[in-house]
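Visitor: Structure of the sequence below:
(4 chains)
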There are 2 protein chains.
Amino acid sequence: MFGVVSRFLSNATNRIDAKGRVSVPASFRAVLLECGVQELYCLQDFIYPAISVGGPDLLDRYEKQIASVDPFSPEANRMSLLVHGGGVFMRLDAEGRLMVTDFIRDFTGISSEVTFVGRSDHFQLWRPQAFHEAQAAAREGRFGSRPV
Amino acid sequence: MFGVVSRFLSNATNRIDAKGRVSVPASFRAVLLECGVQELYCLQDFIYPAISVGGPDLLDRYEKQIASVDPFSPEANRMSLLVHGGGVFMRLDAEGRLMVTDFIRDFTGISSEVTFVGRSDHFQLWRPQAFHEAQAAAREGRFGSRPV
DNA sequence: TGGGACCATATGGGCGTCAATGGGAGAGGC
DNA sequence: GCCTCTCCCATTGACGCCCATATGGTCCCA
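Guide: Model (predicted):
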(Lines give C-alpha, C1' and ligand atoms only; values in the text may rest on other atoms or scores of the structure.)
Protein backbone atom coordinates (compact mmCIF):
# COMPACT_ATOMS: atom_id res chain seq x y z
CA MET A 1 0.00 0.00 0.00
CA PHE A 2 0.95 3.62 -0.13
CA GLY A 3 -0.20 6.49 2.05
CA VAL A 4 0.02 4.15 4.97
CA VAL A 5 2.06 5.81 7.63
CA SER A 6 3.99 3.13 9.44
CA ARG A 7 4.34 4.98 12.68
CA PHE A 8 2.79 4.48 16.07
CA LEU A 9 0.38 7.34 16.68
CA SER A 10 -2.56 8.24 18.89
CA ASN A 11 -3.76 6.73 22.12
CA ALA A 12 -6.48 4.24 23.02
CA THR A 13 -7.58 2.48 26.16
CA ASN A 14 -8.49 -1.22 26.30
CA ARG A 15 -9.69 -3.50 29.08
CA ILE A 16 -7.72 -6.31 30.64
CA ASP A 17 -9.74 -9.53 30.67
CA ALA A 18 -10.09 -12.11 33.43
CA LYS A 19 -6.98 -13.91 32.23
CA GLY A 20 -4.83 -10.81 32.35
CA ARG A 21 -4.74 -10.21 28.61
CA VAL A 22 -5.31 -7.00 26.68
CA SER A 23 -5.84 -6.39 22.96
CA VAL A 24 -3.19 -4.26 21.27
CA PRO A 25 -4.99 -1.70 19.07
CA ALA A 26 -5.34 -2.89 15.49
CA SER A 27 -3.57 0.20 14.13
CA PHE A 28 -0.50 -0.64 16.21
CA ARG A 29 -0.59 -4.27 15.16
CA ALA A 30 -0.69 -3.14 11.55
CA VAL A 31 2.56 -1.24 12.04
CA LEU A 32 4.20 -4.24 13.69
CA LEU A 33 3.07 -6.44 10.82
CA GLU A 34 4.38 -4.02 8.24
CA CYS A 35 7.75 -3.92 9.95
CA GLY A 36 7.81 -7.69 10.26
CA VAL A 37 8.15 -7.47 14.03
CA GLN A 38 7.24 -10.61 15.95
CA GLU A 39 9.36 -10.39 19.06
CA LEU A 40 8.42 -7.38 21.15
CA TYR A 41 11.05 -5.72 23.29
CA CYS A 42 9.56 -4.11 26.39
CA LEU A 43 11.31 -1.85 28.84
CA GLN A 44 10.66 0.77 31.45
CA ASP A 45 10.65 4.37 30.26
CA PHE A 46 13.44 6.53 31.66
CA ILE A 47 11.17 9.32 32.74
CA TYR A 48 7.57 8.26 32.88
CA PRO A 49 5.87 5.36 34.67
CA ALA A 50 5.23 3.60 31.37
CA ILE A 51 6.45 0.52 29.52
CA SER A 52 7.92 1.11 26.06
CA VAL A 53 7.27 -1.55 23.46
CA GLY A 54 8.94 -1.98 20.10
CA GLY A 55 10.89 -4.33 17.88
CA PRO A 56 14.36 -5.63 18.65
CA ASP A 57 15.73 -2.51 16.98
CA LEU A 58 14.47 -0.56 19.94
CA LEU A 59 16.99 -2.33 22.16
CA ASP A 60 19.72 -1.57 19.64
CA ARG A 61 18.96 2.09 19.77
CA TYR A 62 19.12 2.23 23.54
CA GLU A 63 22.40 0.34 23.60
CA LYS A 64 23.88 2.78 21.12
CA GLN A 65 22.74 5.62 23.31
CA ILE A 66 24.40 4.04 26.34
CA ALA A 67 27.59 3.53 24.37
CA SER A 68 27.60 7.16 23.36
CA VAL A 69 27.90 8.53 26.88
CA ASP A 70 30.68 8.09 29.41
CA PRO A 71 30.38 4.40 30.41
CA PHE A 72 31.28 5.25 34.02
CA SER A 73 28.77 8.04 34.37
CA PRO A 74 25.80 7.61 36.68
CA GLU A 75 23.66 8.23 33.61
CA ALA A 76 25.08 5.23 31.72
CA ASN A 77 24.80 3.14 34.84
CA ARG A 78 21.18 4.06 35.29
CA MET A 79 20.32 3.42 31.65
CA SER A 80 22.00 0.04 31.61
CA LEU A 81 20.11 -0.92 34.73
CA LEU A 82 16.85 -0.20 32.94
CA VAL A 83 17.73 -1.33 29.44
CA HIS A 84 19.42 -4.57 30.36
CA GLY A 85 17.98 -5.31 33.77
CA GLY A 86 14.51 -4.02 33.08
CA GLY A 87 13.97 -5.14 29.51
CA VAL A 88 12.08 -8.23 28.45
CA PHE A 89 10.93 -9.87 25.23
CA MET A 90 7.26 -10.73 24.75
CA ARG A 91 4.99 -11.78 21.92
CA LEU A 92 1.32 -11.44 21.06
CA ASP A 93 -1.17 -14.30 20.89
CA ALA A 94 -3.06 -15.21 17.71
CA GLU A 95 -5.68 -12.51 18.38
CA GLY A 96 -3.12 -9.78 18.92
CA ARG A 97 -3.33 -9.72 22.70
CA LEU A 98 -0.60 -9.11 25.23
CA MET A 99 -0.22 -10.68 28.69
CA VAL A 100 -0.10 -7.97 31.32
CA THR A 101 2.54 -9.36 33.65
CA ASP A 102 3.59 -8.12 37.07
CA PHE A 103 6.62 -6.62 35.37
CA ILE A 104 4.22 -4.27 33.64
CA ARG A 105 1.78 -3.80 36.48
CA ASP A 106 4.33 -3.00 39.16
CA PHE A 107 6.11 -0.34 37.16
CA THR A 108 3.08 1.38 35.68
CA GLY A 109 0.40 0.86 38.30
CA ILE A 110 -1.83 -0.67 35.63
CA SER A 111 -4.62 -2.81 37.09
CA SER A 112 -7.77 -3.12 35.00
CA GLU A 113 -7.21 -0.99 31.88
CA VAL A 114 -4.27 -0.15 29.65
CA THR A 115 -3.79 3.04 27.65
CA PHE A 116 -1.72 2.44 24.52
CA VAL A 117 0.25 5.52 23.49
CA GLY A 118 1.96 5.90 20.12
CA ARG A 119 5.55 7.19 20.16
CA SER A 120 6.37 7.07 16.45
CA ASP A 121 8.97 4.27 16.43
CA HIS A 122 7.50 2.44 19.41
CA PHE A 123 4.47 2.57 21.66
CA GLN A 124 3.87 2.63 25.38
CA LEU A 125 1.63 1.10 28.03
CA TRP A 126 0.22 3.49 30.61
CA ARG A 127 -2.19 3.50 33.49
CA PRO A 128 -4.98 5.61 31.94
CA GLN A 129 -5.07 8.27 34.60
CA ALA A 130 -1.31 8.56 34.78
CA PHE A 131 -1.22 9.19 31.02
CA HIS A 132 -3.81 11.93 31.15
CA GLU A 133 -2.00 13.63 33.98
CA ALA A 134 1.37 13.41 32.29
CA GLN A 135 -0.06 14.76 29.03
CA ALA A 136 -1.79 17.63 30.76
CA ALA A 137 1.42 18.45 32.60
CA ALA A 138 3.43 18.29 29.38
CA ARG A 139 1.15 20.89 27.82
CA GLU A 140 1.97 23.24 30.63
CA GLY A 141 5.66 22.64 30.12
CA ARG A 142 6.02 20.44 33.14
CA PHE A 143 6.58 16.70 33.33
CA GLY A 144 3.94 15.75 35.82
CA SER A 145 5.51 12.47 36.65
CA ARG A 146 8.54 12.12 38.80
CA PRO A 147 11.59 10.77 37.02
CA VAL A 148 11.63 7.11 37.93
CA MET B 1 -14.88 31.97 -8.04
CA PHE B 2 -12.18 34.56 -7.94
CA GLY B 3 -8.86 33.05 -7.15
CA VAL B 4 -7.67 29.82 -5.79
CA VAL B 5 -7.81 30.26 -2.05
CA SER B 6 -5.96 27.37 -0.52
CA ARG B 7 -6.47 28.42 3.04
CA PHE B 8 -8.84 27.31 5.72
CA LEU B 9 -11.07 30.23 6.63
CA SER B 10 -14.28 30.92 8.51
CA ASN B 11 -16.23 28.57 10.73
CA ALA B 12 -19.27 26.34 10.44
CA THR B 13 -21.18 24.01 12.71
CA ASN B 14 -22.45 20.61 11.57
CA ARG B 15 -24.44 17.87 13.26
CA ILE B 16 -23.09 14.49 14.24
CA ASP B 17 -25.33 11.73 12.93
CA ALA B 18 -26.51 8.59 14.70
CA LYS B 19 -23.39 6.74 13.67
CA GLY B 20 -21.06 9.35 15.03
CA ARG B 21 -20.08 10.94 11.72
CA VAL B 22 -19.92 14.61 10.75
CA SER B 23 -19.56 16.28 7.36
CA VAL B 24 -16.44 18.36 6.90
CA PRO B 25 -17.49 21.69 5.31
CA ALA B 26 -17.14 21.59 1.54
CA SER B 27 -14.89 24.63 1.50
CA PHE B 28 -12.41 22.84 3.75
CA ARG B 29 -12.59 19.69 1.67
CA ALA B 30 -11.80 21.76 -1.40
CA VAL B 31 -8.60 22.97 0.22
CA LEU B 32 -7.63 19.44 1.15
CA LEU B 33 -8.30 18.28 -2.38
CA GLU B 34 -6.25 21.08 -3.84
CA CYS B 35 -3.33 20.22 -1.60
CA GLY B 36 -3.68 16.57 -2.44
CA VAL B 37 -4.17 15.68 1.21
CA GLN B 38 -5.78 12.30 1.84
CA GLU B 39 -4.39 11.34 5.22
CA LEU B 40 -5.44 13.80 7.88
CA TYR B 41 -3.21 14.36 10.87
CA CYS B 42 -5.37 15.20 13.89
CA LEU B 43 -3.71 16.59 16.99
CA GLN B 44 -4.99 17.41 20.43
CA ASP B 45 -4.19 21.11 20.60
CA PHE B 46 -1.59 22.31 23.10
CA ILE B 47 -3.59 25.27 24.31
CA TYR B 48 -7.27 24.90 23.60
CA PRO B 49 -9.70 22.00 24.04
CA ALA B 50 -9.77 21.53 20.28
CA ILE B 51 -8.49 19.08 17.70
CA SER B 52 -6.21 20.52 15.04
CA VAL B 53 -6.48 18.91 11.61
CA GLY B 54 -4.09 19.19 8.73
CA GLY B 55 -2.01 17.23 6.26
CA PRO B 56 0.96 15.06 7.12
CA ASP B 57 3.14 18.14 6.81
CA LEU B 58 1.64 19.33 10.05
CA LEU B 59 3.18 16.35 11.80
CA ASP B 60 6.43 16.84 9.92
CA ARG B 61 6.78 20.31 11.32
CA TYR B 62 6.48 19.06 14.88
CA GLU B 63 8.80 16.14 14.30
CA LYS B 64 11.49 18.42 12.94
CA GLN B 65 11.25 20.35 16.16
CA ILE B 66 11.66 17.16 18.17
CA ALA B 67 14.54 16.04 16.00
CA SER B 68 16.37 19.25 16.78
CA VAL B 69 16.99 18.17 20.35
CA ASP B 70 18.62 15.09 21.84
CA PRO B 71 16.14 12.27 21.11
CA PHE B 72 16.72 10.73 24.53
CA SER B 73 16.32 13.95 26.42
CA PRO B 74 13.36 14.50 28.73
CA GLU B 75 12.37 17.39 26.51
CA ALA B 76 12.09 15.18 23.42
CA ASN B 77 10.20 12.62 25.45
CA ARG B 78 7.74 15.26 26.60
CA MET B 79 7.14 16.64 23.10
CA SER B 80 6.67 13.18 21.64
CA LEU B 81 4.08 12.45 24.29
CA LEU B 82 2.01 15.31 22.89
CA VAL B 83 2.80 15.10 19.18
CA HIS B 84 2.73 11.32 18.79
CA GLY B 85 0.60 10.28 21.74
CA GLY B 86 -1.86 13.10 21.13
CA GLY B 87 -2.01 12.81 17.35
CA VAL B 88 -3.61 10.39 14.95
CA PHE B 89 -4.07 9.91 11.21
CA MET B 90 -7.64 9.73 9.96
CA ARG B 91 -9.34 9.82 6.59
CA LEU B 92 -12.71 10.98 5.31
CA ASP B 93 -15.33 8.63 3.90
CA ALA B 94 -16.56 8.87 0.31
CA GLU B 95 -18.99 11.65 1.26
CA GLY B 96 -16.38 13.74 3.02
CA ARG B 97 -17.38 12.82 6.54
CA LEU B 98 -15.20 12.29 9.59
CA MET B 99 -15.76 9.78 12.38
CA VAL B 100 -15.97 11.54 15.71
CA THR B 101 -14.11 9.07 17.89
CA ASP B 102 -13.65 9.09 21.66
CA PHE B 103 -10.18 10.43 20.96
CA ILE B 104 -11.92 13.59 19.74
CA ARG B 105 -14.91 13.61 22.09
CA ASP B 106 -13.02 13.13 25.32
CA PHE B 107 -10.57 15.88 24.56
CA THR B 108 -12.96 18.50 23.21
CA GLY B 109 -16.19 17.74 25.02
CA ILE B 110 -17.92 17.43 21.65
CA SER B 111 -21.12 15.42 21.83
CA SER B 112 -23.78 16.25 19.22
CA GLU B 113 -22.36 19.04 17.08
CA VAL B 114 -18.95 20.06 15.78
CA THR B 115 -17.77 23.58 14.98
CA PHE B 116 -15.14 23.62 12.23
CA VAL B 117 -12.78 26.56 12.54
CA GLY B 118 -10.36 27.61 9.81
CA ARG B 119 -6.81 28.37 10.92
CA SER B 120 -5.19 29.15 7.55
CA ASP B 121 -2.88 26.14 7.14
CA HIS B 122 -5.08 23.80 9.17
CA PHE B 123 -8.49 23.74 10.75
CA GLN B 124 -9.88 22.77 14.13
CA LEU B 125 -12.75 20.86 15.69
CA TRP B 126 -14.47 22.55 18.62
CA ARG B 127 -17.43 22.05 20.87
CA PRO B 128 -19.62 24.90 19.59
CA GLN B 129 -20.07 26.63 22.90
CA ALA B 130 -16.41 26.30 23.83
CA PHE B 131 -15.48 27.97 20.55
CA HIS B 132 -17.82 30.91 21.07
CA GLU B 133 -16.51 31.43 24.57
CA ALA B 134 -12.90 31.23 23.50
CA GLN B 135 -13.54 33.65 20.66
CA ALA B 136 -15.35 36.11 22.89
CA ALA B 137 -12.52 35.90 25.37
CA ALA B 138 -9.95 36.41 22.62
CA ARG B 139 -11.69 39.64 21.64
CA GLU B 140 -11.10 40.89 25.13
CA GLY B 141 -7.48 39.89 24.97
CA ARG B 142 -7.87 36.92 27.23
CA PHE B 143 -7.64 33.24 26.40
CA GLY B 144 -10.90 32.05 27.86
CA SER B 145 -10.06 28.43 27.92
CA ARG B 146 -7.75 26.87 30.38
CA PRO B 147 -4.90 25.01 28.83
CA VAL B 148 -6.08 21.44 28.81
C1' DT C 1 -38.07 38.82 -13.90
C1' DG C 2 -40.12 34.67 -12.57
C1' DG C 3 -40.24 29.75 -13.01
C1' DG C 4 -38.10 25.52 -13.16
C1' DA C 5 -34.40 22.27 -14.12
C1' DC C 6 -30.09 21.12 -12.24
C1' DC C 7 -26.48 20.52 -8.86
C1' DA C 8 -23.84 20.42 -4.62
C1' DT C 9 -24.01 19.78 0.12
C1' DA C 10 -25.40 17.90 4.25
C1' DT C 11 -27.58 14.06 6.20
C1' DG C 12 -29.78 9.29 6.87
C1' DG C 13 -29.43 4.39 6.83
C1' DG C 14 -28.36 -0.90 5.10
C1' DC C 15 -25.15 -4.25 5.35
C1' DG C 16 -20.84 -6.78 5.39
C1' DT C 17 -16.47 -7.02 7.74
C1' DC C 18 -13.38 -6.69 11.38
C1' DA C 19 -11.88 -5.53 15.94
C1' DA C 20 -12.30 -6.13 20.89
C1' DT C 21 -13.62 -9.17 24.22
C1' DG C 22 -15.18 -13.57 26.58
C1' DG C 23 -14.54 -18.28 27.50
C1' DG C 24 -13.26 -23.59 26.72
C1' DA C 25 -9.92 -26.99 26.41
C1' DG C 26 -5.35 -28.86 25.92
C1' DA C 27 -0.10 -28.58 26.72
C1' DG C 28 3.50 -27.90 29.81
C1' DG C 29 5.99 -26.57 34.07
C1' DC C 30 6.51 -26.59 39.21
C1' DG D 1 -1.98 -32.93 40.26
C1' DC D 2 -2.68 -28.02 40.12
C1' DC D 3 -1.81 -23.73 38.17
C1' DT D 4 -0.49 -21.06 34.16
C1' DC D 5 -0.05 -20.07 29.51
C1' DT D 6 -1.35 -20.94 24.71
C1' DC D 7 -4.30 -22.07 20.95
C1' DC D 8 -8.91 -22.15 19.30
C1' DC D 9 -13.71 -20.73 18.66
C1' DA D 10 -17.96 -17.62 19.75
C1' DT D 11 -20.19 -13.16 20.37
C1' DT D 12 -21.28 -8.46 19.74
C1' DG D 13 -20.71 -4.09 18.75
C1' DA D 14 -18.25 -0.72 15.93
C1' DC D 15 -16.66 0.86 11.65
C1' DG D 16 -16.15 1.17 6.39
C1' DC D 17 -18.29 1.08 2.02
C1' DC D 18 -22.24 1.74 -0.43
C1' DC D 19 -26.61 4.00 -1.97
C1' DA D 20 -30.67 7.09 -0.92
C1' DT D 21 -32.97 11.57 0.37
C1' DA D 22 -33.57 16.47 1.44
C1' DT D 23 -32.62 21.20 1.29
C1' DG D 24 -30.89 25.20 -0.43
C1' DG D 25 -28.71 27.62 -3.99
C1' DT D 26 -27.45 28.69 -8.91
C1' DC D 27 -28.07 29.03 -13.61
C1' DC D 28 -30.64 29.08 -17.78
C1' DC D 29 -34.28 30.36 -20.52
C1' DA D 30 -38.63 31.94 -21.58
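Visitor: Distance check, A:Asp60 against B:Val88.
Guide: Counting by C-beta to C-beta, to the nearest Å, the gap from A:Asp60 to B:Val88 is 27 Å. All C-beta spots, glycine's among them, are computed from the backbone N, C-alpha and C.
Visitor: Quick one: neighbours of the closest residue to chain B within chain A, just the number.
Guide: Closest contact between chain A and chain B, by C-beta to the nearest C-beta, is at A:Ser10 (3.3 Å). By other C-beta atoms under 10 Å in any protein chain shown, 23 other residues sit near A:Ser10.
Visitor: So it is in contact with B:Val88, correct?
Guide: Yes. Under the criterion of C-beta atoms under 8 Å, A:Ser10 makes contact with B:Val88 at 3.3 Å.
Visitor: Are there residues contacting both of the two? Which ones?
Guide: Residues touching both A:Ser10 and B:Val88 by C-beta atoms under 8 Å, 6 or more residues apart in numbering or on different chains: A:Gly118, B:Phe103.
Visitor: partner strands of the helix or strand hosting A:Gln124, parallel or antiparallel?
Guide: Following DSSP states H and E, one finds A:Gln124 within strand A:123-126. Strand pairing for strand A:123-126, determined by DSSP bridges: strand A:51-54 (antiparallel), strand A:113-118 (antiparallel).
Visitor: So what touches that strand?
Guide: Residues contacting strand A:123-126 (C-beta under 8 Å, 6+ apart): A:8, A:28, A:45, A:48-54, A:100, A:104, A:108, A:110, A:114-117, A:134, B:85.
Visitor: Which of the three states applies to A:Leu81?
Guide: On the three-state scheme (DSSP: H, G, I helix; E, B strand; the rest coil), A:Leu81 is labelled helix.
Visitor: that older thread, what's in contact with the helix or strand that the strand holding A:Gln124 is followed by?
Guide: Counting by DSSP H and E, the next helix or strand C-terminal to strand A:123-126 is helix A:128-139. Here helix A:128-139 makes contact (C-beta under 8 Å, 6+ apart) with A:11, A:13, A:48-50, A:108-109, A:113-115, A:117, A:126, A:143-145, B:44, B:46-47, B:78-79, B:81-82, B:85-86, B:147-148.
Visitor: Please say whether there is contact between helix A:128-139 and DNA strand C.
Guide: No. Judged by C-beta under 7 Å from any atom of the strand, helix A:128-139 and DNA strand C are separated, with a smallest distance of 11.9 Å.
Visitor: do stretch A:53-66 as well
Guide: No. Stretch A:53-66 lies out of reach of DNA strand C by C-beta under 7 Å from any atom of the strand, never closer than 15.0 Å.
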